[in-house]
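> sequence first, then the predicted structure:
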Amino acid sequence: MNSVQENRSSLGTAVVIGGSIAGCSAAAALHEQFDRVLVIDRDELPATRKSRKGAPHAYQFHALAVGGRKAMEGLFPGLTQQAIDSGVPLIDTANTLWYCSKFGFFRNQPSNLRSLLLTRQFLEWTLRNRIREIVNVEVLDRTAVSGLVAHGGIVTGVEVIDSAKIKRTIDADLIVDTSGRPSVAPDWLASLGYPRPVETTINAKWGYTTAYVRPGPEWSPPYDALYINPTVTGNDVRATRGAGMWAQEDNVWVLTAQGCAGDYPPYDEEGFRDFLGSFGRTEFLELLDKGEMVKPPVAWRNTTNRLRDFAGLQSRPERFIVLGDATAAFNPVYGQGMSSAAMGAGLLREELRTWFSSGAEDLTGFAEHFQKQLNTSVIQACWAFSTGSDLQIPGVEVDGLRQESEKSQEQEYVNRVVALATEDLDVQLKLTETISMVRGPEWMSEEEVRVKVQENWDRLGNLTREDNGPLVAP
């Protein structure tokens, strides 16, 4: 027992609802403070790297940002090397990921920003195996949580229904909801007499279609990953269409066609190819021509940003917290979901340590404290990034109502910083660090950056890219 634990009464059981990325990360965060951590999932959790019913999005492309990898490494020591040993590429994000913004390609340079390129199935399977190795963590699958149990303003457990339809109560000292977008936590709070969190949605009508390709021996691009964004402005298809592809484990490349403003990529093979070849790039079709499609195109349309403001609740029960997509689900096009979940779990571990090292004897007040810290430390920056981009897309819907796309003065400034990254190495590195979730956006307000932007305001604002012709090295 560590010194922090010796200063307070023993914490018995923590229940984690959901056994996905956020749930596994939360279990790893909780096990040092609790005698028992129980992860409950309604699915039968597979023993192999295959998709499951409760994670339909797992087939699609996923990105683990540098900040997310570091957070997971903190929770699961040795994870990076374990992935590398399993054939997962580790890349220099600022150098061999070729990223084309709506203003053109970023200038690339060597850096220490290391990112793993892996499938969601591989990562979830790996994390699930890792938590099963922790002596005080248990996994209970094929069991659905149907509600919370509370007494005197304190959540004391959960009601569950197992695969045999048998109902029972599981007592717990802390409940963490990591059940993702399908979470019904607002309903549970309402059933206990508490207010629902304010919910905000922003939908720029993105969609994407993903396939998997095993390259032939002649496929030898100068990059590990290539990503082309829509230009957003303009009257041709480049305004709404883009694509990405990168290496993953098992010598397979993920290939995804993306469209915004309702310009959804088809999921039949012919339509998929036509879409990839429609916006002036040839590299994506070259991969198809020089490789074998090992998994067919599959479409995804659920890309709405949704924020449930648990941090802003005026009243709440004790000992119930919400983490991951269950509280803040970002447009997955921007690749923040897995990383923000891991960073939130890492924050949970640190806040529990600090809570008890500061003299607290129990968890009274911790739920409110943690939700506010999560909002400040993780959610706000991710929300600003994904919604700031989506609000510029024509036809965007806010809380279900169509809005005129908007560019605030602040967003106009940020756009010019992004444009500057196509020609300024210092800005490119800092912006890549921000996108990679290892640096906040505060540097954009530094005087040196402001001077560069202001002196070139009109030029940067009018910067365009030429998408036709051969790919030019950044």
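Perfect, I can see it now.

> mind listing what the residue nearest to the spatial centre of the chain touches?
Centre of the chain computed as the mean C-alpha position; nearest residue by Cα atoms, centre = their mean is Gly337, 1.2 Å away. Under the criterion of Cβ atoms under 8 Å, 6 or more residues apart in numbering, the contact list for Gly337 reads Ile21, His62, Gly324, Asp325, Ala329, Phe330. Every residue, glycine included, has its C-beta placed from N, CA and C.

> how close does it sit to Arg353?
Using Cβ to Cβ, to the nearest Å, Gly337 is found at 25 Å from Arg353.

> same deal with Thr387?
Applying Cβ to Cβ, the value for Thr387 to Arg353 is 32 Å.

> residues in contact with the host helix or strand of Leu431?
Secondary-structure element containing Leu431, defined by DSSP states H and E: helix 425-435. Here helix 425-435 makes contact (Cβ under 8 Å, 6+ apart) with 65-66, 93-94, 99, 106-109, 111, 113, 385, 417-418, 420-422, 439-441, 443, 449, 452.

> wait, what's in contact with Ile393?
Residues Ala204, Lys205, Val232, Cys260, Ala261, Ser405 are the ones in contact with Ile393 under the rule Cβ under 8 Å, 6+ apart.

> Leu363: which of these is nearest?
Proximity of the contacts of Ile393 to Leu363, judged by Cβ to Cβ, is greatest for Ala204, which lies at 38.9 Å.

> now do the phi/psi pair for that closest one.
The phi and psi torsions at Ala204 (degrees, to the nearest 10) take the values phi -90, psi 10.

> that one: how many residues sit nearby?
A count of neighbours around Ala204, defined by other Cβ atoms under 10 Å, yields 25.

> hmm, Arg301 and it touching each other?
No. Because the distance of 12.0 Å does not satisfy Cβ atoms under 8 Å, Ala204 is recorded as not touching Arg301.

> quick one on the thing from earlier: take the contacts of helix 425-435 and keep only those in helices.
Secondary-structure check on the contacts of helix 425-435 using DSSP state H: residues within helices are Val66, Phe385, Val417, Val418, Leu420, Val449, Lys452.

> include pLDDT and distance to Ser377 when you put those residues into CSV, please.
Supplementary listing: the ones in helices among the contacts of helix 425-435 in CSV, determined by pLDDT from 0 to 100; distance: Cβ to Cβ, whole Å:
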residue, pLDDT, distance to Ser377
Val66, 98, 17
Phe385, 95, 15
Val417, 97, 23
Val418, 96, 24
Leu420, 96, 27
Val449, 98, 23
Lys452, 97, 29
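
> tell me which stretches of the stretch 301-450 of the chain form strands.
305-308, 320-322, 328-329, 397-398, 401-402 (DSSP state E, counting those that start in this stretch).

> any idea which helix is longest in this protein?
Every helix in the chain considered (DSSP H), the longest is helix 337-357.

> return stretch 83-97 as PDB; C-alpha atoms alone will do.
Listed in PDB are the C-alpha atoms of stretch 83-97, where the atom choice follows Å, rounded to 0.1, in the frame of the first residue of the first chain:
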ATOM      1  CA  ALA A  83       3.100  -2.400 -30.800                       C
ATOM      2  CA  ILE A  84       6.300  -2.100 -32.700                       C
ATOM      3  CA  ASP A  85       7.200  -5.700 -32.000                       C
ATOM      4  CA  SER A  86       3.800  -6.600 -33.400                       C
ATOM      5  CA  GLY A  87       4.500  -4.900 -36.700                       C
ATOM      6  CA  VAL A  88       2.900  -1.500 -36.000                       C
ATOM      7  CA  PRO A  89       4.700   1.400 -37.800                       C
ATOM      8  CA  LEU A  90       6.200   4.100 -35.600                       C
ATOM      9  CA  ILE A  91       6.500   7.300 -37.600                       C
ATOM     10  CA  ASP A  92       7.800  10.800 -37.300                       C
ATOM     11  CA  THR A  93       4.600  12.800 -37.600                       C
ATOM     12  CA  ALA A  94       6.200  16.100 -38.600                       C
ATOM     13  CA  ASN A  95       8.300  14.400 -41.300                       C
ATOM     14  CA  THR A  96       6.800  11.300 -42.900                       C
ATOM     15  CA  LEU A  97       3.100  12.200 -42.500                       C
END
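
> summarise which helices and strands the helix or strand encompassing Ser146 is packed against.
When elements are assigned from DSSP H and E, Ser146 belongs to strand 143-151. Judged by 3 or more Cβ pairs under 8 Å, 6 or more residues apart in numbering; DSSP states H and E, the packing partners of strand 143-151 are strand 154-162, strand 167-171, helix 185-191.

> figure out which of the ones you listed is closest to Gln380.
Nearest to Gln380, of these and by Cβ to Cβ, is helix 185-191 at 19.8 Å.

> in a markdown table: the strands of the stretch 301-450 of the chain, plus distance to Leu174.
Listed next are these as a markdown table, based on distance: least, Cβ to Cβ, whole Å:
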| stretch | distance to Leu174 |
| --- | --- |
| strand 305-308 | 19 |
| strand 320-322 | 7 |
| strand 328-329 | 20 |
| strand 397-398 | 34 |
| strand 401-402 | 38 |
